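*Asks:* turn this into a structure:
(chains A, B, C and D)
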Amino acid sequence: MTVIDTSQPPSEPARKVADFRPSLLLGEHSLCPGCGEPVALRVLLEVLQELDIVQRTIGVVGHGCYGSFVRIMDVDVLQCLHGRAPACATGIKRVRPDCAVFTMQGDGDMANEGLQEVLHAAARGEKITCVLLNNGVFGDTGGQLTAATVLGQRTKTSLEGRDAETHGYPIPVADLVAGLRGAAYVARGAVSTAGAVAQTKRMLRRAFETQLAGAGFSLVEILTMCPTGWFVPASEGPGYLGDSMEQAYPLGELTTWRH
Amino acid sequence: MSEHEGGARRSSRGTLVIAEDRCKGCELCIDACPPRVLVMSSELNEMGYRYPELTPGCTGCTACQMVCPDFVFSVYRLTAATAPGDRRG
Amino acid sequence: MTLELLEGSEAIATSAIAAGCRFFAGYPMSPFTGLLENMSRQLPAAGGVCLNAESEIEGVNMTLGAAAAGARAATGSCGQGIALMQEAIAEAALNETPFVVFNMARNQQDYFQATRGGGWGDYRTITLAPKDVPEAVEHAQLAFHLADKHRAPVIFYGDPLLAQTRIGVSVRPLDFGPLPPKDWALDGTGGGTGRSRQVWTWAMGKATDPGPGPDRHWRAIAEKFAAIDAIETRSEQAHVEDAETLVVAFGSAAKFVEYVVEELRADGHRIGWFRPVTLWPFPGGALAAATAGVRRVLVFELNAGQMLDDVRIHAADRSAVRFIGGVSIAESGLAYGDLMDAPVIRDRILTACSEGGRS
Amino acid sequence: MERELVVTGVGGQGIQLLAKTLALAATREGRHAMLSADYGGEMRGGPSKASVVIGDRPLRALPVLASAWSAIVVHHRFSEPALARLRPGGPAILNLPLVAPASLPAMTTYGVDAGAVAKSVEAPQAIGFVLLGAYNAVTRLVDPASLVAAMQELLPPYRKQHAAANARALAAGAAVLDGPGADLTEVSR
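*Replies:* Numbers count the residues shown, from 1 in each chain, chains lettered A, B, ... in the order given. As a prediction, this is how the structure comes out:
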């Protein structure tokens, strides 16, 4: 089989249509093979650049594997306590209303430790954008059950799979938030396929547009692969996501603010 | 660019630069590639992972770059191979 | 100087705003509630924001966010509410976010909480304990100054008497000297420059501009608090020179002790008083000097004996230390009980004096 | 010199408002004043106590008074602890007939049937202001006009219609005891 030399840009006339990563990414991350979180980070940073708000954006990053992104995202960032990002973002936004303020949280961070924060921030119509990276497990601590773990999913604290009798039902954060009047834009995307990534990026863009227009709270829940925490091969992450998480958490826009 | 040696001739409208040393071998790009022109290497990179290699037929669609968690791909569309009227993307 | 008759809570709020406080978030809890209400009444007119937070945890984290963005910000509560805030107070100490926590405490049982904290890591919190409303007005501004000066959260330790007493006071901005610029604060402009800012307890820096990391950062924090310990102690004392008995008290209780000791002095007793104004850093050196020549050191506080530990640590002779305070809570649970009363304190001092001391 | 007043009675009698009026009047005169309130959760019927301290220099008094120079006894119920702190010789205004004149033998007592006086000037709600007017007539702690101004300042907008009646009550209370006034310099701690 012929293998094309991909060590250098092509010598014949060509135009670059996609770079390795946005210039706002300063270096490498050390997350697991097949992790979905870096993909979400990339499209988030691309949206900031495309909206030309890079130099007036402040991020608030919670605790999870994505916490290491603080080192590689070229954006002003507060690394906050577990679960508290929407509260911190509220304080930031209220004293710097001209900034775009976003949070980056996992499902352990947002659905477990800090569910109250995101609900109240949404109810207040806080003009911030919360990004939930939902992989249904505590990835950073090695794959334990979160409030977002879907029924039947095996984790290190639900070895036989989550059953409702023992562990209760998963919490659909985006749906809860969408039920609150202060929420102006709520959507759920995924990063499991190229199409889903493109859709998720559009959702993030609309979320920030909603914030910039002062319309209210916005949240994008992004289903991300965690093959390590799911105990599946990396290459099977997208398939597993589609078969399990996407069934419990359908993709799409739940609340849209109309211009 | 087109394939000049071996099997059936298959035209490429795009090509890639693959930062193979950054790859962690997750293989997400393999399934994500619509024309299925990426294959995993038999060699290992310096981190010990197999990495994708490009075979002829790339369309420059960027799907591999979209799904790659390790930012391995840069995508190019070849100007010469672009048929008139095909200005997608 | 025109005096306004202000309730303590209102005077403290007015003073905090005069100091430039522009963000406040809290959760109602008596006797802190009055401060929250006054802030919500006054801050909007000053161009600020006051939020009735969904809990103390959110209140303090909102405040941390506002402070990280460079604003003078404060929160408050008392007792159990402050307990809920401890994680964020420790975090702010370690990620160097300056804000003020107004503990309008129900009593003096929060001394350990204020001076030892309940958070994680090698941190301390500067704690100011005013004795009356006029001093509270000063401390409400000093607290912001010290917070900004040292990039650390500062606790203002009040009580029901400070919150609820109405007194004629004058509130105007106080100048405590120059402060370093807040060039570390997050304002969003760092994005895309390769030198974007971060407020991070781990202090890892950016991939392109590495920070000190936790080991070096936390050692630096520990050194910073050691330096604060050396320079920011404040205390007051009187009649120490010829005193046989020295009474130590803080906050409102110290005001009562001062009153009683002056009476006893007038009656011919060789007695003095000592008041830590900062509970941390504890004015241990000043206390050691003040206790060097006395026969007995009496500690009066409205708890089971918390500052007592610090007095024992620093007194010239710890065997001379006697505890004459105690737990004393009003039936409502929201105010001091019968022990916060000059005649009672006088009796306790005289009884302790009659029981001898070191020779 | 510092002058202390304790006002004691049951909630609903206007105790807090009269104490606040006096403290504000003194403040508006440029003097130092302190007001401590002590009342239960009940708005009416429970113990209600207030203390006011007025002086010409920063005050030395504690927010829990060690002793007091003067008193207004609006009701005998709950009054015992407050009255036990009075220094002998000072003035005490007693709300007759609810409070027996003999209850404070060591004080210079002045009885005022505040209810009847208030009714006579068609200000039946303003018993507290009658007593305050009488108290100030005896003690001359503040200018009577300052009391009226402070009373008006303290009325919330929805109660402004009571200002005239309250002013009548202050004046009527003063008229009951208006004489040479107490010579404050003779009374010391």
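
*Asks:* ok, for residue 66, nearest residue in space, not its chain neighbours?
*Replies:* Assuming you mean chain A. A:Glu37 (4.8 Å; Cβ to Cβ, 6 or more residues apart in numbering or on different chains). Using the backbone N, CA and C atoms, a C-beta is placed for each residue, glycine as well.

*Asks:* um, chain D though
*Replies:* Looking at D:Ala66 with Cβ to Cβ, 6+ apart, the closest residue is C:Ala342, at 3.7 Å.

*Asks:* which ones are touching that neighbour?
*Replies:* Contact partners of C:Ala342, counting by Cβ atoms under 8 Å, 6 or more residues apart in numbering or on different chains, are C:256, C:259-260, C:263, D:62, D:64, D:66.

*Asks:* per-residue confidence for it?
*Replies:* Note for C:Ala342: predicted pLDDT of 97.

*Asks:* cool, and D:Ser188?
*Replies:* 27.

*Asks:* again with C:Glu54
*Replies:* At C:Glu54, pLDDT is 97.

*Asks:* check the residue lying closest to it once chain neighbours are set aside and give its pLDDT.
*Replies:* Closest residue to C:Glu54 apart from its sequence neighbours, by Cβ to Cβ, 6+ apart: A:His120 at 4.3 Å. Per-residue pLDDT puts A:His120 at 98.

*Asks:* could you redo the contacts of C:Ala342 as TSV and give each row neighbour count?
*Replies:* Listed next are those as TSV, based on neighbours: other Cβ atoms under 10 Å in any protein chain shown:
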residue	neighbour count
C:Phe256	27
C:Tyr259	18
C:Val260	27
C:Glu263	14
D:Leu62	23
D:Val64	20
D:Ala66	19
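
*Asks:* can you give me the distance of the residue nearest to A:Tyr66 to B:Cys64?
*Replies:* The gap separating A:Glu37 from B:Cys64 is 18 Å, by Cβ to Cβ, to the nearest Å.

*Asks:* phi, psi of D:Thr8?
*Replies:* In terms of degrees, to the nearest 10, the main-chain angles of D:Thr8 are phi -140, psi 150.

*Asks:* which stretches of the stretch 51-200 of chain A form helices?
*Replies:* A:85-95, A:107, A:115-123, A:164-167, A:173-178, A:194-212 (DSSP state H, counting those that start in this stretch).

*Asks:* hey, which of these is tucked in deepest?
*Replies:* Compared across the helices of the stretch 51-200 of chain A, helix A:85-95 shows the largest average neighbour count, a mean of 31 (mean count of other Cβ atoms under 10 Å in any protein chain shown).

*Asks:* that one: how far from the chain's middle?
*Replies:* 18 Å (Cα atoms, centre = their mean, to the nearest Å).

*Asks:* can it be said to contact chain C?
*Replies:* Yes. For helix A:85-95, a contact with chain C is found by Cβ under 8 Å from any Cβ of the partner chain, at A:87-92, A:94-95.

*Asks:* so of those, which two are at opposite extremes in space?
*Replies:* A:Ala87 and A:Val95 (13.5 Å; Cβ to Cβ).

*Asks:* ok, now how distant is D:Gly89 from D:Val176?
*Replies:* D:Gly89 is 21 Å from D:Val176, by Cβ to Cβ.

*Asks:* comparing these two, which shows the higher neighbour count?
*Replies:* D:Val176 (21 against 14; other Cβ atoms under 10 Å in any protein chain shown).

*Asks:* helices or strands up against the helix or strand containing that one?
*Replies:* Counting by DSSP states H and E, the element that carries D:Val176 is helix D:163-177. If you count contacts as 3 or more Cβ pairs under 8 Å, 6 or more residues apart in numbering or on different chains; DSSP states H and E, helix D:163-177 packs onto strand D:108-112, helix D:114-120, helix D:127-139, helix D:144-154.

*Asks:* elements contacting the first one?
*Replies:* When you say that, I think you mean strand D:108-112. strand D:91-95, helix D:127-139, helix D:163-177.

*Asks:* so what's A:Gln247 up against?
*Replies:* A:Val150 are the contacts of A:Gln247 under Cβ under 8 Å, 6+ apart.

*Asks:* now mean neighbour count and mean pLDDT too, for the helices and strands packed on helix D:163-177, in JSON lines please.
*Replies:* Output for the helices and strands packed on helix D:163-177, formatted as JSON lines (neighbours: other Cβ atoms under 10 Å in any protein chain shown; pLDDT from 0 to 100):
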{"stretch": "strand D:108-112", "mean neighbour count": "19", "mean pLDDT": "90"}
{"stretch": "helix D:114-120", "mean neighbour count": "20", "mean pLDDT": "95"}
{"stretch": "helix D:127-139", "mean neighbour count": "28", "mean pLDDT": "96"}
{"stretch": "helix D:144-154", "mean neighbour count": "19", "mean pLDDT": "97"}
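
*Asks:* any idea which of these gets closest to A:Thr149?
*Replies:* helix D:144-154 (60.0 Å).

*Asks:* wait, does the worst-scoring helix or strand of chain D on mean pLDDT contact chain C?
*Replies:* Lowest by mean pLDDT, DSSP states H and E among the helices and strands of chain D is helix D:80-83, with a mean of 86. No. On the criterion Cβ under 8 Å from any Cβ, helix D:80-83 is out of touch with chain C, staying 9.7 Å away.

*Asks:* does anything pack onto that helix? Which helices or strands?
*Replies:* By 3+ Cβ pairs under 8 Å, 6+ apart, helix D:80-83 packs against strand D:2-10, strand D:70-73.

*Asks:* and it, C-alpha only, in CSV?
*Replies:* Taking Å, rounded to 0.1, in the frame of the first residue of the first chain, the C-alpha atoms of helix D:80-83 are listed here in CSV:
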residue,chain,number,x,y,z
GLU,D,80,-36.9,45.0,87.1
PRO,D,81,-33.5,44.2,85.7
ALA,D,82,-33.3,47.6,84.0
LEU,D,83,-34.4,49.5,87.1
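
*Asks:* partners of the helix or strand bottoming out on mean pLDDT in chain C, with directions?
*Replies:* Lowest on mean pLDDT, DSSP H and E among the helices and strands of chain C sits strand C:209-210, with a mean of 92. Here strand C:209-210 has these sheet partners by DSSP bridges: strand C:205-206 (antiparallel).

*Asks:* what's the strand it pairs with in contact with?
*Replies:* A:26-27, A:71-72, A:74, C:194-196, C:198, C:211-213.

*Asks:* export those to CSV and tack on distance to chain D?
*Replies:* CSV is the format used below for those (distance: Cβ to the nearest Cβ, whole Å):
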residue, distance to chain D
A:Leu26, 58
A:Gly27, 60
A:Arg71, 53
A:Ile72, 56
A:Asp74, 55
C:Gly194, 57
C:Arg195, 52
C:Ser196, 51
C:Gln198, 46
C:Gly211, 49
C:Pro212, 48
C:Gly213, 50
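
*Asks:* how many other residues sit next to whatever residue of the stretch 251-359 of chain C ends up closest to chain A?
*Replies:* Taking Cβ to the nearest Cβ, chain A has its nearest neighbour within the stretch 251-359 of chain C at C:Trp280, 22.4 Å off. Number of residues near C:Trp280 (other Cβ under 10 Å) recorded here: 25.

*Asks:* pretty sure it contacts C:Thr127?
*Replies:* Yes. C:Trp280 is in contact with C:Thr127 according to Cβ atoms under 8 Å; the separation is 4.8 Å.

*Asks:* now for the two: what residues contact both?
*Replies:* C:114-115.

*Asks:* returning to that earlier point: pick the most buried one from the helices and strands packed on helix D:80-83.
*Replies:* Of the helices and strands packed on helix D:80-83, strand D:70-73 is the most buried (mean count of other Cβ under 10 Å), at a mean of 27.

*Asks:* quick one: distance of that one to the chain centre.
*Replies:* That offset, for strand D:70-73, works out to 6 Å (Cα atoms, centre = their mean).

*Asks:* which residues does it contact?
*Replies:* Residues contacting strand D:70-73 (Cβ under 8 Å, 6+ apart): D:3-9, D:18, D:79, D:82-83, D:86, D:90-95, D:99, D:103-104, D:107, D:131-132, D:135, D:139.

*Asks:* I'd like the helices of the stretch 51-200 of chain A as JSON lines, with distance to D:Ala23 appended.
*Replies:* What follows is these, written out as JSON lines (distance: least, Cβ to Cβ, whole Å):
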{"stretch": "helix A:85-95", "distance to D:Ala23": "37"}
{"stretch": "helix A:107", "distance to D:Ala23": "57"}
{"stretch": "helix A:115-123", "distance to D:Ala23": "40"}
{"stretch": "helix A:164-167", "distance to D:Ala23": "61"}
{"stretch": "helix A:173-178", "distance to D:Ala23": "50"}
{"stretch": "helix A:194-212", "distance to D:Ala23": "49"}
